[in-house]
Structures are given as C-alpha cells and as structure tokens.
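Peer 1: Fold the following, please.
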Amino acid sequence: MSRFVDTPGLFADFYNANNASAAAALVEERVAAAFIDHAPIFGALPDKAGFIKAVSVMNQAFRQDYQVERIVSEGAMRVAIWRSHATHIGPILGVAPTGKSITVTGITAYEISDGLITAHWEQFDALTILTALGIIPSVG
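Peer 2: Numbering: from 1, shown residues only. Got it, this is the predicted structure:
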C-alpha cells in the first residue's frame, strides 16, 4: 500500500495543495480509475473526473488550512474528522471572492484498495459556507 494511506495527508493533501493543478495531480495519483464518489458536491459526476473537478473548484475558491483531528481505520476504510480554516479567494457558486475567512468541519471516509482510493463519502458544514458567502442569510 502507498505511504499516505494511514496519514492525515490522505485527507488533507488534496485541499492543502491550495493550487488546483497540484490538487488534480494528487487525485490522479491517489484515486483508482473505477473510483465512486458517494457524496459528489456542486453537481460533480460521481466518478474520478468529477472528484478531480470538485477538488479543483475548492482549491480555486478557497485557500485552506485543512487539519485532520482524528483518523479511524477499519479494514479498507479510513475515516477522518477534520476542520478547515479557509479564506474565500476565488469565485464559487456565482459568488465573487469575498476575502472572508471561515472554519468548516466535516467527516470524510475513503475506501482503499491496493493503495488507491476507490470510494468516497463525506459530510461537511455546507451551511457555514453558504452563510459566509451570503447565499443564505444568517440566523442572527
């Protein structure tokens, strides 16, 4: 298996690249051709090409400091509880860069086979992002 499988980099490297091309290259290297995304974001297709696009969009829109707080491993599954401190630096969802800083939390799971990511599940605090960007009004 690849050296990144049981490290925080398995989860963080795609987003801490803070460069769409570098992040896409990491996805290309670490994700299996038959990859299935069980939680595609922003209308991306649930395959490797869609995941590359989603990761690239996030790297273009946000400068991130993505920190893994805990990794749980069982068999082929790796699950991370994470926190990302991000600054909105590029357009996303029709919103021009605001320069706003936000903190988002989430949980991501990857299935690994032969050292490659074969499947992805994720839940994150999208409401925080949408509120910070002014797409959804804040409660307060």
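Peer 1: May I ask you to name the longest helix in this structure?
Peer 2: Counting residues, the longest helix found in the chain (DSSP state H) is helix 48-61.
Peer 1: Now do it: which elements does it pack against?
Peer 2: helix 9-16, helix 20-30, strand 31-37 (3 or more C-beta pairs under 8 Å, 6 or more residues apart in numbering; DSSP states H and E). Just so you know, the C-beta spots here come from the backbone N, C-alpha and C atoms, and that holds for glycine as well.
Peer 1: Of all the ones you listed, which one is nearest Lys48?
Peer 2: strand 31-37 (4.3 Å; C-beta to C-beta).
Peer 1: what does the closest one rub up against?
Peer 2: 44-48, 50-52, 54, 113-114, 116-120 (C-beta atoms under 8 Å, 6 or more residues apart in numbering).
Peer 1: Flag every buried residue along that strand.
Peer 2: 31-32, 35, 37 (16 or more other C-beta atoms under 10 Å).
Peer 1: which one of those residues is nearest Thr105?
Peer 2: Nearest to Thr105 among the buried residues of strand 31-37, with distances taken as C-beta to C-beta, is Asp37, at 20.0 Å.
Peer 1: Angles on the backbone of the nearest residue to that closest one once chain neighbours are set aside, please.
Peer 2: Once flanking residues are discounted, Asp37 sits nearest to Pro46: 4.3 Å by C-beta to C-beta, 6 or more residues apart in numbering. Phi and psi for Pro46, reported as degrees, to the nearest 10, are phi -90, psi 40.
Peer 1: Number of residues surrounding Gly99?
Peer 2: Neighbour count of Gly99, defined by other C-beta atoms under 10 Å: 7.
Peer 1: Assign Ala39 to helix, strand or coil.
Peer 2: coil (DSSP: H, G, I helix; E, B strand; the rest coil).
Peer 1: For stretch 39-57, C-alpha coordinates in CSV please.
Peer 2: Listed next in CSV are the C-alpha coordinates belonging to stretch 39-57 (Å, rounded to 0.1, in the frame of the first residue of the first chain):
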residue,chain,number,x,y,z
ALA,A,39,-21.1,12.3,-2.0
PRO,A,40,-20.3,14.4,-5.0
ILE,A,41,-20.5,18.2,-4.5
PHE,A,42,-21.6,21.1,-6.6
GLY,A,43,-23.2,18.8,-9.3
ALA,A,44,-19.9,16.9,-10.0
LEU,A,45,-20.2,13.5,-11.5
PRO,A,46,-19.7,10.6,-9.1
ASP,A,47,-16.5,9.4,-10.7
LYS,A,48,-12.8,10.2,-10.7
ALA,A,49,-13.1,13.0,-13.2
GLY,A,50,-15.9,14.6,-11.2
PHE,A,51,-13.8,14.3,-8.0
ILE,A,52,-10.9,16.0,-9.8
LYS,A,53,-13.3,18.8,-10.8
ALA,A,54,-14.7,19.2,-7.3
VAL,A,55,-11.3,19.2,-5.6
SER,A,56,-10.1,21.8,-8.2
VAL,A,57,-13.1,24.0,-7.7
